[in-house]
Each structure stands twice: as structure tokens, then as C-alpha cells.
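Visitor: Please work out how this folds:
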Amino acid sequence: MKSRYQNRIELLQGTLDMLILQTLQWGPQHGYGIGNAIRANSGELLKVETGSLYPALHRLEKQGWVKSEWKLTETGQRAKYYRLTPAGKKQLLTEHSRWTQLTQAIAGIMSPAPANPLDEM
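Guide: Coordinates of the predicted model:
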């Protein structure tokens, strides 16, 4: 029997923080909404478990990158809404830059450029 996690992609350490910050750039959101946005915008490939999402949100809040406040949801339930702070926006730019460097480095390894015969002279 195939595992239900067969197509699951494990996030690199630190990537979840970047994804949360990116999601909050689109506007304040509660934890459940953040998880849904990550899943939907990843083509259903990335599912953030509650046990990872909320500790990450608390860590980001402790860093001063997000702030939270209790509000009522569209359905009238109380939920903690998170929003990006100016420091969080700055951190997102830093994380995005690192992510770009990392993906370019990995792409270079996975699809190396053909060797230039002139380089060997």
C-alpha cells in the first residue's frame, strides 16, 4: 500500500518561516487561513501541519516579525489573526534573497552548464 505521504514535500528548515511571512504579505490572516493559503498556492503539494505552523507563528511573533490580535472570523468564531510587521517585511526580503541564491545553487548542481572546451586550455 502506498503511503498517503508519498507525494508530500518536506520543507527545508527555515522555509516555513519564509512561506508564512510571504502569505502574511497578502494581508492579515488566522493560522488556519495561513495553512490553507500555503496549500492552495503550492498546488496542494505543501501541507503545513498544525504542530509545525503554530510553533512557527509563535517564533515569528517572538522575533517581532509578526503581530497578532484576537478577532472574529467570517463565521463569528474568535481566532488569532497575524499580520506582518515592518521588521517582518524586511526579513521576508532577506529570506527571499537567500531562497533565490539557494534555488540557483541547487539548479546549478542538478543541471550543470556544459563544460566550455576553451576553459581547459
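
Visitor: show me where the chain has strands.
Guide: With DSSP state E, the ranges of strands along the chain come out as 29-30, 66-72, 78-84.

Visitor: Parallel or antiparallel, which strands does the second one pair with?
Guide: Based on DSSP bridges, the pairing partners of strand 66-72 within the sheet are strand 78-84 (antiparallel).

Visitor: Pull the residues that contact the partner strand.
Guide: For strand 78-84, the external contacting residues (CB atoms under 8 Å, 6 or more residues apart in numbering) are 20-21, 24-25, 27-32, 34, 57, 60-61, 65-73, 92. Where you see a C-beta, it was placed from the backbone N, CA and C, and this is true even at glycine.

Visitor: Would you mind putting the CA coordinates of it into CSV?
Guide: Only the C-alpha atoms of strand 78-84 are listed here, as CSV (Å, rounded to 0.1, in the frame of the first residue of the first chain):
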residue,chain,number,x,y,z
ARG,A,78,-12.7,34.0,17.8
ALA,A,79,-9.3,33.5,16.2
LYS,A,80,-5.9,34.9,16.5
TYR,A,81,-5.0,37.0,13.4
TYR,A,82,-1.4,37.5,12.4
ARG,A,83,0.0,40.4,10.4
LEU,A,84,3.4,41.3,9.1
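
Visitor: Centre-most residue in this protein?
Guide: For the chain, Leu19 is the residue whose C-alpha lies nearest the centre (CA atoms, centre = their mean; 1.5 Å).

Visitor: Would you mind measuring from the residue lying closest to that residue once chain neighbours are set aside to Lys90?
Guide: Among residues not flanking Leu19 along the chain, Ile38 sits closest, at 5.4 Å (CB to CB, 6 or more residues apart in numbering). Remark: distance between Ile38 and Lys90 (CB to CB, to the nearest Å) = 21 Å.

Visitor: More neighbours: which of those two?
Guide: The residue with more neighbours, out of Ile38 and Lys90, is Ile38; 20 against 12, by other CB atoms under 10 Å.

Visitor: Quick check, that one in contact with Leu46.
Guide: Yes: the pair Ile38 and Leu46 passes the contact test of CB atoms under 8 Å, sitting 5.5 Å apart.

Visitor: Next, show the common contact partners of the two.
Guide: With CB under 8 Å, 6+ apart, Ile38 and Leu46 have common neighbours Leu19.
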